[in-house]
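**Q** structure for the following, please:
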Amino acid sequence: MSAQINNIRPEFDREIVDIVDYVMNYEISSKVAYDTAHYCLLDTLGCGLEALEYPACKNCWGQLFPAPSYPTACASPELSSSSTPSRRHLTSAR
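**A** Just a heads-up that it's a prediction; the model follows:
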């Protein structure tokens, strides 16, 4: 026979409970706090976008998100390179 597995979980540490209570229940009434958080978020997004201009950052992201390739692309007389399926659709509608 198999042994019974005890699935009773221990209580969370008091510190974890205090952090959760603070995050979930604390009322922020300061406009300065909201403005600071707003500008912090904008600064974080701006720094992230600026970082994309650096070759080392592009190299890291390029490994995660490779450039798309279009194996079904067709050659276009007015373009020096082949065009994507969506561009073929738009140019053939003329």
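
**Q** which other residues reach the helix or strand encompassing Val32?
**A** Element membership for Val32 (DSSP states H and E) is helix 31-51. With contact meaning Cβ atoms under 8 Å, 6 or more residues apart in numbering, helix 31-51 is reached by 28, 57. Placement of C-beta: from N, CA and C, glycine included.

**Q** buried residues, it. List them.
**A** Within helix 31-51, no residue qualifies as buried by neighbour count (16 or more other Cβ atoms under 10 Å).

**Q** any idea of the pLDDT on Tyr39?
**A** We have a pLDDT of 98 for Tyr39.

**Q** again, but for the one 10 residues further on
**A** We note a pLDDT of 88 for Leu49 in this prediction.

**Q** residue numbering should commence at 28 henceforth.
**A** Renumbered: residue one is now 28, and that last one reads Leu76.

**Q** tell me how far it lies from Tyr66.
**A** Leu76 sits 16 Å away from Tyr66, going by Cβ to Cβ, to the nearest Å.

**Q** now do Ile35
**A** With the distance defined as Cβ to Cβ, Ile35 ends up 46 Å from Tyr66.

**Q** what's the answer for Ala78, then?
**A** Noted for Ala78: a distance of 18 Å to Tyr66, by Cβ to Cβ.
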